[in-house]
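**Q** Have a look at this prediction, sequence included:
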Amino acid sequence: MAEKWLFLVLSLGCAAAPRPRPRQEKLELLLVEVLRFPTVAGNDQARRDQQAWLLRTAASFGFEARDAGLVTEIELPGPPGAPVLGLVVHGDVQPVEEKAWSVPPFGGVVRDGEIFGRGAADDKGPLVQALLAMDAIRDLPRTHTVRLLVGSDEESGSSDLKEYLKSHEPPAYSLVLDSEFPAVVGEKAWDGLSVSAPEEPGIILKAGLAPSIVPDDARATIRWSDELEKRLRAKPLDPGTRLELTRRGDDLDVIVHGRSAHAGVNLAGGRNALVSLAHVLAGELPAGGAADLLAFAAHAPTLQLPGDPAWRGWAINIATLTQKDGKYTLVINLRRPPPLTAAQSRDLLFAEVRKSSPRLQPGEFFFGDEPLVFDPKAKLVRRLMDDYARATGEPAPPAISGGGTYAKRLPRSIAYGMWFPGKPYPGHDVDEHISLADLRRGLDVLVVTLRDLACGPPIQEPFKP
């Protein structure tokens, strides 16, 4: 009972306090600094260097900070016995193809009011916003401890949180700052289908960087003939793609350039070079595994797959094509809405592959995910929607996202921002960037939200109406 009265007094004091003003002038400096760590999968030194930066930066703000292995904890304490409100981001990034960028991808370049760099939007911009939002409410009477969790392998498996939860309790409830505004009440499942075919002598195929990136480069090396080159030059290209043909002796390099994009959140904003290559080479290769695999790559985006219409269908990204150990392997990333389960999705897709050609072998790249669903009327969801509307003056409906987040990996967590609705998402793209204006605006929204949640009475059963 005494604890309840304490929380009530603190929340009344917070409501009476002036609206906090975040130190927006530090946004650019901090984001440029953290963008310079090339924290792609496998670069353990960059991960360690970035964690050291996080610990130093947290200390400079006066926060408590702890090395929790693959996760870094940064904390603004509340009163004794206070529940923990989590803020969750990731510090790792997708791989890059440097030659495709107009700026150094890990240079933290600022130009025309935009900050460029891998992770600017996904997810280092939100990391910096979280630090400054916590700083903004430090002098308010809080009813919660605010704990920022910075993960390190969200883009390559989320094993960091799995390991973290073996020895750490999750917060009472958490906001995952790695999606779109306002509250995300549905996250599609992440499926990965592999399709293999026997290698064909004299045909080399290669495309794509990672399953979650629309490929902006796809290439084939095939036997040259003057007639073939003329036919290829005359073929229409998919919109937004460009064909490059280079003869090397008896070989012809067929290269298609497209535009990368986030496979789950901005699939329509990409221009898939691999699908375009499949269209260009249709009917030009001898019968065999290469021809069949490219034919399936061209067909797969048109698959009619069952899904709840409220979730806006599947997102199908024909992602990578590699050649190794005597076979070609195509990887297709699919963002799956309800109602199919992972097992049903796998069986349906395997059947589509077998129906396409007996030379193609379906495989399981990843089918270990399910959609995440929240009740739009849940207490926490309604609070977040109200906070967003209060901060922006622009009420918006709850979001459904094709991008999976840590909300699937951390109990009692939901994605909340930090990308504004109606704008193409640049995460995973070449020349990834974020505007200073959107950074400031998102920071303001987060400060309003933390003032409400971290300083208000604890929410009982936050994910129930």
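**A** Arrived safely, thanks for sending.

**Q** switch to C-alpha atoms for all contacts and neighbour counts from now on
**A** Will do.

**Q** State the pLDDT value of residue 1.
**A** Residue 1 is assigned 50 on the pLDDT scale.

**Q** Same check on residue 19?
**A** pLDDT for residue 19: 72.

**Q** How about residue 9?
**A** At residue 9, pLDDT is 53.

**Q** What of residue 450?
**A** On the pLDDT scale, residue 450 gets 98.

**Q** list the buried ones in the helix or strand it falls within?
**A** Following DSSP states H and E, one finds residue 450 within helix 436-453. Neighbour counts using 16 or more other Cα atoms under 10 Å place 436, 439-453 of helix 436-453 among the buried residues.

**Q** In PDB, list the C-alpha atoms belonging to it.
**A** Below are the C-alpha coordinates for helix 436-453, written out as PDB (Å, rounded to 0.1, in the frame of the first residue of the first chain):
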ATOM      1  CA  LEU A 436      18.100  15.500 -38.500                       C
ATOM      2  CA  ALA A 437      14.600  16.700 -38.600                       C
ATOM      3  CA  ASP A 438      13.200  13.200 -38.200                       C
ATOM      4  CA  LEU A 439      15.700  12.400 -35.500                       C
ATOM      5  CA  ARG A 440      14.600  15.500 -33.500                       C
ATOM      6  CA  ARG A 441      11.000  14.800 -34.000                       C
ATOM      7  CA  GLY A 442      11.300  11.100 -33.000                       C
ATOM      8  CA  LEU A 443      13.300  12.200 -29.900                       C
ATOM      9  CA  ASP A 444      10.400  14.500 -28.900                       C
ATOM     10  CA  VAL A 445       7.900  11.700 -29.300                       C
ATOM     11  CA  LEU A 446      10.100   9.400 -27.100                       C
ATOM     12  CA  VAL A 447      10.500  12.100 -24.400                       C
ATOM     13  CA  VAL A 448       6.700  12.500 -24.200                       C
ATOM     14  CA  THR A 449       6.300   8.800 -24.000                       C
ATOM     15  CA  LEU A 450       8.800   8.300 -21.300                       C
ATOM     16  CA  ARG A 451       7.300  11.200 -19.300                       C
ATOM     17  CA  ASP A 452       4.000   9.300 -19.400                       C
ATOM     18  CA  LEU A 453       5.200   5.700 -18.800                       C
END
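
**Q** by contact count, what packs against that helix?
**A** Helix 436-453 sits against helix 27-35, helix 124-136, helix 379-392, with contacts defined as 3 or more Cα pairs under 8 Å, 6 or more residues apart in numbering; DSSP states H and E.

**Q** what's the burial count for the nearest residue to residue 217 once chain neighbours are set aside?
**A** Distance criterion Cα to Cα, 6 or more residues apart in numbering; nearest residue to residue 217, sequence neighbours excluded, is residue 257 at 4.8 Å. Residues within reach of residue 257, counting by other Cα atoms under 10 Å, total 22.

**Q** pLDDT at residue 257, what is it?
**A** Taking residue 257 on its own, its pLDDT is 98.

**Q** and if you look at the one 10 residues further on?
**A** According to the model's per-residue confidence, residue 267 sits at a pLDDT of 96.

**Q** Name the nearest residue to it, sequence neighbours excluded.
**A** Spatial nearest neighbour of residue 267, chain neighbours left out: residue 261 (6.2 Å); criterion: Cα to Cα, 6+ apart.

**Q** That neighbour contacts residue 428, correct?
**A** Yes - applying Cα atoms under 8 Å, one finds residue 261 in contact with residue 428, separated by 5.6 Å.

**Q** returning to what we had before: which one of the helices and strands packed on helix 436-453 lies closest to residue 354?
**A** Smallest distance to residue 354 across those (Cα to Cα): 41.7 Å, for helix 124-136.

**Q** Off-centre distance for the very next helix or strand once past that closest one?
**A** For helix 124-136, the following helix or strand on the C-terminal side (DSSP H and E) is strand 145-151. Chain-centre distance of strand 145-151: 19 Å, with Cα atoms, centre = their mean, to the nearest Å.

**Q** Please apply the same query to stretch 200-214.
**A** Computed by Cα atoms, centre = their mean, the chain-centroid distance of stretch 200-214 equals 22 Å.

**Q** for that stretch, which positions count as buried?
**A** Neighbour counts over stretch 200-214 (16+ other Cα under 10 Å) mark 200, 203-214 as buried.

**Q** Adding pLDDT, secondary structure and distance to residue 34 as columns, could you present these in TSV?
**A** Below are these laid out as TSV (pLDDT from 0 to 100; DSSP: H, G, I helix; E, B strand; the rest coil; distance: Cα to Cα, whole Å):
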residue	pLDDT	secondary structure	distance to residue 34
200	95	coil	45
203	98	coil	42
204	98	strand	38
205	98	strand	36
206	98	strand	32
207	98	strand	30
208	98	coil	26
209	96	coil	23
210	97	coil	23
211	97	coil	25
212	97	coil	22
213	98	strand	22
214	98	coil	25
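
**Q** any idea which element the residue most central in space within the chain lies in?
**A** The residue lying closest to the centre of the chain (Cα atoms, centre = their mean) is residue 403, at 5.5 Å. Using DSSP H and E, residue 403 maps to neither a helix nor a strand.

**Q** how about it, what does it touch?
**A** Residues in contact with residue 403 (Cα atoms under 8 Å, 6 or more residues apart in numbering) are 179, 187, 188, 263, 264, 265, 335.

**Q** Out of the residues you listed, which end up buried?
**A** Buried by 16+ other Cα under 10 Å: 179, 187, 188, 263, 264, 265, 335, out of the contacts of residue 403.

**Q** So which residues of the stretch 1-150 of the chain form helices?
**A** Along the stretch 1-150 of the chain, counting by DSSP state H, counting those that start in this stretch, helices occupy 2-16, 27-35, 44-61, 124-136.

**Q** Neighbours of the residue nearest to residue 267, how many?
**A** By other Cα under 10 Å, neighbour count at residue 261 equals 27.

**Q** any low-confidence regions in the stretch 151-300 of the chain?
**A** Within the stretch 151-300 of the chain, no stretch has pLDDT under 70.

**Q** Show me the strands in it, by range?
**A** Assigned by DSSP state E, counting those that start in this stretch, the strands in the stretch 151-300 of the chain fall at 173-176, 179-180, 184-187, 189-198, 204-207, 217-223, 242-248, 251-257.

**Q** Could you point out which of the ones you listed sits nearest residue 288?
**A** Among those, strand 189-198 comes nearest to residue 288, with 7.9 Å by Cα to Cα.

**Q** So the closest residue to residue 122 other than its chain neighbours, which state does it fall into?
**A** Excluding the flanking residues, the one nearest residue 122 by Cα to Cα, 6+ apart is residue 427, at 5.3 Å. Here residue 427 takes the coil state, with states given by DSSP: H, G, I helix; E, B strand; the rest coil.
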